[in-house]
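> Pasting the sequence and the predicted model now:
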Amino acid sequence: MKNRYIVLIAIFLLGAILLSGCNLLPGAKAKTGDKVEVNYTGKLADGTVFDSSVGGEPIKFTIGSGEVIPGFDKAVLGMKVGEKKTVFIPVDEAYGPVRQELIGEIPRDKLASDVVPEVGGMLQATGQDGRQVIFVITAVSDNAVTVDANNPLAGKDITFEIELVKIN
């Protein structure tokens with residue numbers, strides 16, 4: 001009688017897992033709406049690593065939620081826990097093209113007096129909607145500072161080495 005109850009409880013728990021959509025079963029594939037954890041290494045076309053979670057915490061996101069770039073999202077779809085792959089992500093599926101409207105000049109007299117602008121430095125401003133905008137300084141002259149608010153990876157094809165660590 002005792003074994004019968006254990007079997008019934010096991011069947012009940014398995015059914016609850018399956019009905020909840022949880023992917024705890026071996027071989028389950030990641031699907032839209034799954035919360036996943038992924039280790040990654042991102043590289044530029046020349047092989048330069050621009051970011052990596054290896055040796056740290058995996059990135060956590062929900063597939064299809066727009067939390068990561070579209071190409072990364074699509075690459076994780078259909079993967080199994082423990083699976084590794086390398087994916088090439090073109091500009092349009094990555095950070096998009098460079099948008100010229102995000103590049104401009106700021107007169108030096110509009111900068112705070114304690115700001116010493118240098119190429120590669122950053123400036124922060126508050127947009128009309130209240131969000132913080134980060135600008136990278138790309139040129140400095142006597143009269144103006146040229147800034148760029150594009151993502152530093154805009155206009156670039158990238159490659160990711162990814163490993164699906166967990167499906168929640």
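Received, thanks.
> wait, Lys166 sits on Lys80?
No - counting by C-beta atoms under 8 Å, Lys166 does not reach Lys80; the two are 11.2 Å apart. All C-beta atoms are positioned from the backbone trio N, CA, C, and that covers glycine.
> Break this structure into its domains for me.
Taking automatic domain parsing as the reference, the chain has its domains at 27-95+154-167, 100-148.
> Pick the most deeply packed of these.
Ranked by mean neighbour count, these are led by domain 27-95+154-167 with a mean of 15 (mean count of other C-beta atoms under 10 Å).
> So for it, first residue to last residue, what's the gap.
Using C-alpha to C-alpha, to the nearest Å, one end of domain 27-95+154-167 lies 11 Å from the other.
> Check stretch 136-155 too.
End to end - C-alpha to C-alpha - stretch 136-155 spans 15 Å.
> who's in contact with that stretch?
The contact list for stretch 136-155 (C-beta atoms under 8 Å, 6 or more residues apart in numbering) reads 50, 91, 94-99, 102-108, 111, 117-123, 133-135.
> give me phi/psi at the most centrally placed residue in the chain?
In the chain, the centroid-proximal residue (C-alpha atoms, centre = their mean) is Val68; its distance is 3.8 Å. The phi/psi pair for Val68 (degrees, to the nearest 10) reads phi -130, psi 170.
> Could you do Asp142 as well?
Per-residue torsions, Asp142: phi -60, psi -30 (degrees, to the nearest 10).
> Find me the pLDDT at it, would you?
With respect to pLDDT, Asp142 scores 93.
> Retrieve the pLDDT associated with Ala112.
88.
> what's the distance between it and Ile103?
21 Å (C-beta to C-beta, to the nearest Å).
> go on, Glu93?
According to C-beta to C-beta, Glu93 stands 23 Å off from Ile103.
> for this structure, what spans make up the strands?
Under the criterion DSSP state E, the chain contains strands at 35-44, 49-52, 59-62, 84-89, 103-107, 122-126, 132-140, 144-148, 158-167.
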